[in-house]
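>>> just need the structure, nothing else, for what follows:
(chains A and B)
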Amino acid sequence: MNNLRFLITQSHSNGSQACKGIHHCALEEDLLHKHLSMGEVELARKVFDEIPQPSVFLWNAMIRAYSWKGPFHRAIKLYYDMLNSGVKPNKFTFPFVLKACSSLLALEEGEEIHEYVRRIGLESDLFVSTALIDMYMKCGCLDESCAVFDGMPNRDVVSWNAMIAGFALHGMYEDTIGYVLEMQNAGTRPNRSTVVTLLPVVGQAKALTQGRSIHGYCVRRYFDEDDILVGTALLDMYMKCTSLVYACRIFGKMSSKNEVTWSAMIGGYVLCDRMMDALEVFDQMMLEGSSKPASSSLASALRACAKLADLNGGKTLHNYSIKFGFLSDITIGNSLLSMYAKIGSIGDAVKYLDEMEFKDTVSYSAIISGYVQNGNAKEAFAIFKSMLSNVEPDVATMVGIIPACSHLSALQHGKLNHGLAIIHGLASDVSVSNALIDMYMKCGRIDHGREVFDRMSKRDVVSWNTMIAGYGTHGRGKEAISLFLNMQAECIVPDDITFICLLSACSHSGLVTEGKHWFHAMTLNYRIKPRMEHYICLVDLLGRGGYLDEAREYIRRMPFEPDVRVWGALLGACRIHKNIELGEEVSQMIGKLGPEGTGNFVLLSNIYSAAGRFNEAAQVRIMQRDKGFMKSPGCSWIEIKGNIHAFIGGDRTHPQSQKIYGKLQELLVEIKKLGYRPDTSFVLHDMDDEEKEHALLYHSEKLAIAFAILSSSNDKPIFVTKNLRVCGDCHGAIKLITLVSKRVIVVRDASRFHHFSDGMCNCRDFW
DNA sequence: ATAGGGTTAG
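Residues are numbered from 1 along each chain as shown, chains lettered A, B, ... in the order given. Purely as a prediction, here's the structure:
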């Protein structure tokens, strides 16, 4: 019966005569094909279901329709229905059903089909093998793909492309390129598809040289910029390689642009840190582009606004999102959320989060990082907690929340999150480990940080930078340098940030010669052009070491105009070495550069008051006040049993305030016996001596330490964190407190760690 | 062919 129908359909399609019943079926078949050609898959399906015993051609047509646009599981289901109905699939069936398998990542079904194909001896068919390669590649079975490919008696450009696309999909740059070369050696010419699949990998690897030679190949083969696919892929590749000039040239030459082209251009500008240009292209697209923008363009434009802190621009884009109906797109929702959060408009961000119908891990993570970046770690913890009852945290969530612990020096929170990372299987991630290292280092636990670092199976440049910076801020410069040497022994190439970490490490440890050496080696041996940040470190290093004139000379010879920060570094050195003359000159330079932070006012008035010129010190403070710069109050805090206790100077709000002041009195009496005299030069206000002394005696760090001595056991070191730099008077007092209390005290201030013990500090009084 | 949240420094 089956065979009969087979013959009948065959004969019909050959235009032979048809009897009445058969004619009925033939009409249905025509209808089915008509529906399919119109893309009306469901209507075609209805017709198909009415046909009593469809031929293999009809089965194939239906499976093909589903495997083309989905729903893919229907394609697979139909394939099994076909087998069950006794119809044997032919060599055209397998590529269709395998495509459905690869779209669904249905490996088990794919393997079963492979087995079947092998049994009926179709494995070496060109089309079937290629489909198998594609399926295995998408399902992540690279070895199986290779096995099928190696077993092919002959290959065409499509089979090579399947291998190339597979490796490209997994971001395996070397293998992708390798197969292209092999393909050419085997005499197969790469076609447009090859190039279009190859270019994103090249871009990802930032392999500009290879990208340019592929561009050359495109031009030689006449599929260059005018082809929208090739043109867009080339443009995107150049953007990923931050080769703006080439990208723009192609963009300008392209006679037709589609939404992907625009989107690649906008995203590319964002990647290259050219936010204004990104927004300009976005506006251009809104004018020239025929249809509604791609959501990806909108997402990139939102990122640009976030980076520019352009709230108005962001709100305009928000309106566009509403107008074009993008709000149900979670990517756009999250981009909006993140834009508000990054700009610091946290209220808007939280409001938006509450309104979101579907929130995912990204939504929460965006808010968490927004809070952390805006210095509100406590709120970040609150959101994180509410997140845990709704969605799973992932790598980015942990990388967002762990720095909150670092900021607060909240070790208990940090350990909790370390545990959470382990539970969720995220602790082995490089970025999570990096964040953990930083957290332990900033909480004063060098050994814990080191342990995380040592246990990592893979380390990237950030891991090393974090360690170098960590050792640096703890005043262990020699170890920082030795890490720097070790990283190169392990073939990790130092970047510009590595040198910032290294130079500041030298500076904190007074390693002037070493620091100067590495500063010069950076340009000569590592081909890294020093940025302003490197000069700041160098000036700091020389200045601290007392080489003020040399530091001044480096600023003079910088290839760009000095900014407030680099002058600020020199001003700090003037304070340490009490050089009023240079200090005044530097202040004038800073004054010319316009508004700046409060730190420099404080430094200058410190210089004056250290020299006993209190009137001038007061003048500076008045000027600061008149210009509207408020000094942020000094604040110190300490974590005891997972709770954070914060103090500001003269604070009496703590429940145990009475006892704390009592303890502090006691300590002051003791250290005065050891020779402590309040150093009033650190007090800037025009008050009388008694007041000055009072202001000093109850600085926030002293209160925090007194509290810590009261509330923690004797054998444990005390860890205090301060938002500003520790003042000189407190620094001296704490040294003596270690003697009378027999405690080790570690203070993390705005610039480094001070390890106090036995009457000394490891910063050697140069901070 | 394009697109959302992330770690290091100052």
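
>>> looks to me like residue A:391 is in a strand.
No - per DSSP: H, G, I helix; E, B strand; the rest coil, residue A:391 lies outside any strand segment and is coil.

>>> excluding chain neighbours, what is closest to it?
residue A:361 (5.0 Å; C-beta to C-beta, 6 or more residues apart in numbering). Just so you know, the C-beta spots here come from the backbone N, C-alpha and C atoms, and that holds for glycine as well.

>>> what about that neighbour, neighbour count?
17 (other C-beta atoms under 10 Å).

>>> list the contacts for it?
Applying C-beta atoms under 8 Å, 6 or more residues apart in numbering, we find residue A:361 in contact with A:387, A:391, A:392, A:393, A:394, A:396, A:397.

>>> repeat the analysis, applying 10 Å as the threshold.
Contact partners of residue A:361, counting by C-beta atoms under 10 Å, 6 or more residues apart in numbering, are A:334, A:387, A:390, A:391, A:392, A:393, A:394, A:395, A:396, A:397.

>>> do residue A:286 as well
Shown in contact with residue A:286 (C-beta under 10 Å, 6+ apart): A:262, A:292, A:293, A:297, A:301, A:320.

>>> same list (those) but as TSV, adding distance to residue A:365, secondary structure and neighbour count.
Converted to TSV, the contacts of residue A:286 look like this (distance: C-beta to C-beta, whole Å; DSSP: H, G, I helix; E, B strand; the rest coil; neighbours: other C-beta atoms under 10 Å):
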residue	distance to residue A:365	secondary structure	neighbour count
A:262	28	helix	24
A:292	28	coil	15
A:293	25	coil	20
A:297	23	helix	25
A:301	21	helix	31
A:320	24	helix	18
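
>>> ok, those vs residue A:657, which is closest?
Residue A:657 lies nearest to residue A:301 out of these, by C-beta to C-beta, at 52.1 Å.

>>> buried ones in the helix or strand harbouring residue A:316, by neighbour count?
Residue A:316 is part of helix A:311-323 when elements are defined by DSSP states H and E. Using 16 or more other C-beta atoms under 10 Å as the test for burial, helix A:311-323 gives A:311, A:313, A:314, A:315, A:317, A:318, A:320, A:321.

>>> may I see these organised as JSON lines, with pLDDT and distance to DNA strand B added?
Listed next are these as JSON lines, based on pLDDT from 0 to 100; distance: C-beta to the nearest atom of the strand, whole Å:
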{"residue": "A:311", "pLDDT": "92", "distance to DNA strand B": "16"}
{"residue": "A:313", "pLDDT": "93", "distance to DNA strand B": "15"}
{"residue": "A:314", "pLDDT": "94", "distance to DNA strand B": "12"}
{"residue": "A:315", "pLDDT": "94", "distance to DNA strand B": "17"}
{"residue": "A:317", "pLDDT": "94", "distance to DNA strand B": "12"}
{"residue": "A:318", "pLDDT": "94", "distance to DNA strand B": "14"}
{"residue": "A:320", "pLDDT": "92", "distance to DNA strand B": "15"}
{"residue": "A:321", "pLDDT": "92", "distance to DNA strand B": "12"}
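
>>> possible to save these as JSON lines with distance to residue A:661?
Compiled in JSON lines, these are given as follows (distance: C-beta to C-beta, whole Å):
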{"residue": "A:311", "distance to residue A:661": "45"}
{"residue": "A:313", "distance to residue A:661": "52"}
{"residue": "A:314", "distance to residue A:661": "48"}
{"residue": "A:315", "distance to residue A:661": "50"}
{"residue": "A:317", "distance to residue A:661": "54"}
{"residue": "A:318", "distance to residue A:661": "52"}
{"residue": "A:320", "distance to residue A:661": "58"}
{"residue": "A:321", "distance to residue A:661": "56"}
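
>>> residue A:467 and residue A:429: what is the separation?
17 Å (C-beta to C-beta, to the nearest Å).

>>> which one of those two has more residues nearby?
It is residue A:467, of residue A:467 and residue A:429, that has more neighbours when counted by other C-beta under 10 Å, with 28 against 19.

>>> close enough to count as contact, that one and residue A:479?
Yes - judged on C-beta atoms under 10 Å, residue A:467 makes contact with residue A:479 at a distance of 8.9 Å.
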